[in-house]
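**Student:** A structural model of the following input is requested.
(chains A and B)
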Amino acid sequence: MKVIQTKVLVLGGGATGTGIVRDLALRGVDCLLAERRDINAGASGGNHGLLHSGARYVASDMEAAVECREEGDILKKLAPQCIEDTGGLFVAVEGDDEEYVANFESMCARSGIPARELDLDEARRMEPVLSDKLISAWAVEDGAVDPFMLSLDNLGHAVSLGAKYVCNAKVDEFVLDNGRIARAVMLNEYTGEKFAVEADIVVNATGAWAGLVAEMAGAKINILYSSGSLLVTQDRLTKRVVNRLRKASDADILVPGGTVSVLGTTSITVDHPDHCRPTVAETNTIIEDAKAMIPCLETTRYIRAYAGVRPLVLAGDGGDARSVSRGFSLIDHARDEVDNFVTITGGKLTTYRLMAERTVDMVCEKIGVTAPCLTRTEPMPSSFKGMWTEPGLGPRAWIQKRDENDLILCECEMVSRNAIDFIIKNMDESRGSSMLQAIGLRSRVGKGPCQGGFCGLRVTGHLYDEGHVQDEQGLDELRTFTERRWRGFSPMLWGLPMVQADLQEALYCGALDMELPDDDEDMTCGEES
Amino acid sequence: MTTDNKIYDVMVIGSGFAGMAAAAFAVKAGLNVVQTGATGGIDFSTGFIDLMGVHPMSEGKRWKNPWQAIEAMLKDHPKHPYGYLSAEEIRESVDMFTGFLSESGLEYVGHDDRNVCALTPAGTVKRTYRLPKSAWKGTEALEKKAPTLIVDFHGLKGFSAAQLAETRKKTWPSIRSARVAFPGSSGELFPEHMAWALAEPANREKLAESVMEHAADVEYIGFPAVLGVDPKPVMAHLEELTGKQIFEIPTLPPSIAGPRLRAAFDRGLPSRGVRTLSQKMVTGVRIVDGGMFQFDVGTGVAQTTVTAKAAILATGRFFGKGLQADMKTITEPVFNLPVTQPESREAWHRELFFDAAGHPVNTAGIEVDDHLRPLNEAGEVAHENLYAAGAILAHHDWTRMKCGAGIAIATAFKAVRGLTE
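**Tutor:** A predicted model of the protein is given here:
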């Protein structure tokens, strides 16, 4: 078995894990990031993309509110390419808790969160889709963040500073020796290949999977899995983030994400982090609830739903002295008699940098590195890996670079063949097992109204043309890609999306027989009987 | 707004396979026919005519003999639309329909009692019953595993010869691929434009020349289906120029199959007296004197009012707008007929798109009596002279059973028969 030596092994390629390797690399610490699938495969890719001003937490968690405010300011300054500084509103409608509304201003002031009360007509001028039953409206400093660009840029920067990265690598076994993880055996679940990593210290940044990974080292973390679903609209409905001014609940935030809006979320306890998918019932609940705030949410066209699992570390656990806030849990597994093992979980996308900083502080103390954290002041360079996740870039690049030999492969989002070649060139080995899935993750392919129905086939053809896939591999990847899109598409099939689904089935099953196994051997066209 | 003062024998609502077949059968039966409907559906067809290919769906079992497949399927699904016809009637309907297309210049081929294999643009092999003649030699090449070159073009997206060759090479080692430039053009290409360009013999000569650089040692050459709106002369010329057997493989929609079928119907239907109100939807319907139907067709200044003694509803499913879904239920918008459907939206679809068992919503549709007359809420015939045909009927899953065109043609035949008896 191949053995890789490194100072720090970081498990989990979400926002926290990529943030940690960037922080380590900036402090000059040799590190390797191992991800089970591909970047942001868990909750980092299944959230609102909301950069919290902190106003959301002023009632429930003052510490988290303050952290969000500080971290939001840092990200806007240092990683502007990943942020759309939209500003946000908090609005209450008739029937909402008036006491909560009345206390909002003082609660914001208490945490130092800027909030300005708006005249109701002014609020509706700012966001014409708001209900005419508003009773209160406030402007806050929320923003939108592209979580894929964020993680890809973190990783890009880390790699440029010498960090290593490996995808499709799941922990298969920790070999323990004398109260330490002597080596981690990693498994590629697609090929069955294994390799080992020997590190001075192992950081578990696997989000909702943190409890399962810790358990493999004999450490226990009590985690509740809370699945949250979100809906994506076809059009962008508001300029700003719109929050319901009430105690945090389901379906009360609408976040603009480039050309779309994202509405959510729900909170459903599931028994395993792998068991999360949006459902018809959640879709109905979200729309039913949110239409009080924005009535057109009942009639607008939705593109798809998606879900992520929040790891909620149960009380009495993660109450480690070093844990700076109830917002996230940093655990030194010395308490479980594993000295060189640290878990970071919970938290929010907005505070990922702080989580990384605290984790790396703990790691550095353990390995005797004194270099200070630089991510608070060092700008994050934009990378070629993350740039194509931006919604407006496809059409802009197409118009600017008009190359008559180029072709638009994804018509909904205007992603061209040249753009796809660029993405492939820049993802090199740092991708999950499926080329098609990896392109989808790094671009807008499959994210428009056709949900991959047409672009999936066209991109597959192009991958064959360029020799990126062989034999039946491309068709298998297309089936998997289609199933992944279907998870988000199937809960919202009414109106035009139902027409789209009907067409997709006519094409994939009716015309192409893709639901049937390929029976290459038997060209007699079936059984005689 | 205009009014057509003529009283037609039958209004055919829909212009997919079912609507086209109903119009063709009705005019052949001597009726005065008016037909309407947007022609979107046919543009998304491969042009293949499936009769029956898979049963039971959950096992994905393919059948060589479609008639045996129908018999076995009806034992398990007695309410399937084929149950309204005898095997002889189904056979007669398909023969009559392909006969009509042949007379209109679009030849179809196949075996009487056997499905055939056909290449799809994904590289999969599909079973079907009747093929456009332009695809026939592809079936031959595939069954013989003959040395074959698949050609594609710079600028034509969604058709990859490399993909076809890669996915088939395991059992067909002598299949190869080549990409060539399409004569006289650059940038993005579309099948219909390419088909028109090949009406020009000089372009065929250039095409043959560039293809022959790659085809020296093959017997067959397969092209994406762009070989002329009328493929017969184009293919004959290319065979003469190359000395090879030529065939077509369908492209992704919108393909040339649609324009070819439409051209055949345009040649065949108006000349026999069918009035077609193409690209228009029925926007309103009333019952007038003595139970006749009065339809509003189209909107605004282009709206027409048409009166007919009977009607055939062949509006298809969701894509054809024959069925509509809101967040809670599925409805039929023209006559507001009851739609048999799963209890709630939670039960419409399965977790996996490619689930072999198919999605429960696929068997939703309208209920009919033995003559294919839709039933109302009380389970009685909704209107004495209203018939239904095609995919809008309940109790089938055409995409999985591989019976889409077959249902359309057979039930259109049965509906017209009910109308004329």
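**Student:** Backbone dihedrals for the nearest residue to residue B:398 once chain neighbours are set aside, please?
**Tutor:** Spatial nearest neighbour of residue B:398, excluding adjacent residues (CB to CB, 6 or more residues apart in numbering or on different chains): residue B:404 at 3.8 Å. Backbone N, C-alpha and C define where each C-beta goes, glycine included. Backbone torsions of residue B:404, given as degrees, to the nearest 10, read phi -60, psi -60.
**Student:** What is the burial count for residue B:404?
**Tutor:** For residue B:404, the tally of surrounding residues (other CB atoms under 10 Å in any protein chain shown) stands at 26.
**Student:** from what I can see it touches residue B:410, true?
**Tutor:** No - Residue B:404 is beyond contact range of residue B:410, at 11.1 Å (criterion: CB atoms under 8 Å).
**Student:** about what we covered before: distance of the residue nearest to residue B:398 relative to residue B:51?
**Tutor:** Residue B:404 is 10 Å from residue B:51, where distance means CB to CB, to the nearest Å.
**Student:** And residue B:70, by the same measure?
**Tutor:** For residue B:70 relative to residue B:51 (CB to CB), the value is 8 Å.
**Student:** Neighbour count for the two, which is higher?
**Tutor:** Between residue B:70 and residue B:51, counting by other CB under 10 Å, residue B:51 is the more crowded of the two (27 against 23).
**Student:** Determine the three-state secondary structure at the more buried one.
**Tutor:** Classification of residue B:51 by DSSP: H, G, I helix; E, B strand; the rest coil places it in coil.
**Student:** quick one, what contacts it?
**Tutor:** B:66, B:70, B:90, B:94, B:115, B:128-130, B:402-403, B:405-406 (CB atoms under 8 Å, 6 or more residues apart in numbering or on different chains).
**Student:** List just the nearest of those residues to residue B:153.
**Tutor:** Checking those against residue B:153 by CB to CB gives residue B:128 as the nearest, at 25.0 Å.
**Student:** So the closest one is in contact with residue B:53, correct?
**Tutor:** Yes - the criterion here is CB under 8 Å, and residue B:128 meets it with residue B:53 at 7.3 Å.
**Student:** Give the other helices and strands that the helix or strand where residue A:437 lies contacts.
**Tutor:** Per DSSP states H and E: residue A:437 is located in helix A:435-441. Contact here means 3 or more CB pairs under 8 Å, 6 or more residues apart in numbering or on different chains; DSSP states H and E; on that basis helix A:435-441 packs against helix A:417-427, helix A:455-465, helix A:473-489.
**Student:** Can you say which of these is packed in most?
**Tutor:** Most buried of those, by mean neighbour count (mean count of other CB atoms under 10 Å in any protein chain shown): helix A:455-465, with a mean of 25.
**Student:** how about the nearest residue to residue A:463, chain neighbours excluded?
**Tutor:** In space, residue A:463 comes closest to residue A:469 once its chain neighbours are excluded; the distance is 4.7 Å by CB to CB, 6+ apart.
**Student:** Tell me who's in contact with that neighbour.
**Tutor:** Counting by CB under 8 Å, 6+ apart, residue A:469 touches A:435, A:460, A:463, A:477, B:166.
**Student:** Spit out the residues that contact residue B:128 and residue B:53 alike.
**Tutor:** B:115, B:402.
**Student:** got the buried residues for stretch A:355-370?
**Tutor:** Buried residues in stretch A:355-370, counted by 16 or more other CB atoms under 10 Å in any protein chain shown: A:355-364, A:366, A:369.
**Student:** what stretches of chain B score poorly on pLDDT?
**Tutor:** Along chain B, segments meeting pLDDT under 70 span B:39-40.
**Student:** can you list the domains in it?
**Tutor:** By the assignment in automatic domain parsing, chain B contains the domains B:2-107+B:259-420, B:121-249.
**Student:** Out of the ones you listed, flag the one nearest residue A:179.
**Tutor:** domain B:2-107+B:259-420 (43.9 Å).
**Student:** picking up where we left off before, now that we have the contacts of residue A:469, can you turn them into JSON lines and tack on distance to residue A:504?
**Tutor:** What follows is those, written out as JSON lines (distance: CB to CB, whole Å):
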{"residue": "A:435", "distance to residue A:504": "21"}
{"residue": "A:460", "distance to residue A:504": "14"}
{"residue": "A:463", "distance to residue A:504": "20"}
{"residue": "A:477", "distance to residue A:504": "17"}
{"residue": "B:166", "distance to residue A:504": "23"}
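**Student:** which one of those is nearest residue B:321?
**Tutor:** Taking CB to CB as the measure, residue B:321 lies nearest residue A:460 of those, at 29.5 Å.
**Student:** can you pull the contacts of that closest one?
**Tutor:** A:436, A:469, A:474-475, A:477-478, B:160, B:163.
**Student:** With that, I have no additional questions.
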